[in-house]
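Colleague: Sequence and predicted model, in that order:
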Amino acid sequence: MSHYVTPDLCDAYPTVRVITPMFKNFGGRQSFGGQVVTVKCFEDNSRVKELLATDGKGKVLVVDGGGSLRCALLGDLIGDSAVKYGWEGVVIYGCVRDVDALAQLDLGVQALAAMPLKSVRKGVGEVGISLSFGGVTIQDGEYIYADNNGVIVADQALSMPV
Ligand SMILES: O=C([O-])CC(=O)C(=O)O
């Protein structure tokens, strides 16, 4: 696990794309980053559950949940699965629940808010497509870095300046 400081990355790589500040840290990792896997789903976390039960080493799942504040797309059970499968973290343009448990996990989690209701699971959602939220477009396979200062996207892997 690498430690990333997004202000230092922004200074070192002026072309990074900075997502509009709106995410909060809910995970046990204060800083995380990796190669992006994209998923777009609205109030249905079927794809999130499936993906976080596949190998995630070096990867961050980026979920465009349409900004819905009406249900959570991730909780402690799916969070446990993400840890088991080696994911670096999850960035959710939407909500999470079981936040006290998420805070104990060796996983980065950034989302808009906590929400106690679960989502439906009807198998609806698209994987690997281009996402746009927070003023930024994110492609599957790009790189994302997050800490308590913000969330940034780059088309190449970044390393901390020495
Ligand atoms: O099961 C869900 O839909 C979300 C959740 O609460 C969990 O991951 O524990």
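Modeller: It's in. As the structure is a computational prediction, the values presented were derived from the model and not from experiment.

Colleague: Mind giving me the packing neighbours of the helix or strand containing Val91?
Modeller: Using DSSP states H and E, Val91 sits within strand 89-96. When contacts are defined as 3 or more Cβ pairs under 8 Å, 6 or more residues apart in numbering; DSSP states H and E, strand 89-96 packs onto strand 32-40, strand 59-64, strand 72-74, strand 108-114, strand 143-147. C-beta coordinates here come from the backbone N, C-alpha and C atoms, glycine included.

Colleague: could you redo the last one with a cut-off of 6 Å?
Modeller: Contacts defined by 3 or more Cβ pairs under 6 Å, 6 or more residues apart in numbering; DSSP states H and E place strand 89-96 against strand 59-64, strand 72-74, strand 108-114.

Colleague: Strand partners (parallel or antiparallel) of it?
Modeller: strand 59-64 (parallel), strand 72-74 (parallel), strand 108-114 (parallel) (DSSP bridges).

Colleague: I would like the residues contacting the second one, please.
Modeller: Residues outside strand 72-74 that contact it (Cβ atoms under 6 Å, 6 or more residues apart in numbering): 45, 48, 63, 65, 92, 94-97, 115, 118-119.

Colleague: how about a cut-off of 10 Å?
Modeller: 26-27, 39, 41-49, 52, 61, 63, 65, 78, 81-82, 90, 92-99, 102, 107, 109, 111, 113-119, 125 (Cβ atoms under 10 Å, 6 or more residues apart in numbering).

Colleague: May I have the phi/psi pair for Val99?
Modeller: Phi and psi for Val99, reported as degrees, to the nearest 10, are phi -70, psi -30.

Colleague: if we can go back for a sec, hey, which of the helices and strands packed on strand 89-96 is tucked in deepest?
Modeller: Of these, the one with the most neighbours on average (mean count of other Cβ atoms under 10 Å) is strand 72-74, at a mean of 29.

Colleague: Just the angle for the strand holding Val91 relative to strand 143-147, thanks.
Modeller: 70 degrees (axes from the mean of the first three to the mean of the last three Cα atoms, to 10 degrees).

Colleague: Of all the helices and strands packed on strand 89-96, which one is nearest the ligand?
Modeller: Closest approach to the ligand among these is made by strand 72-74 (5.7 Å; Cβ to the nearest ligand atom).
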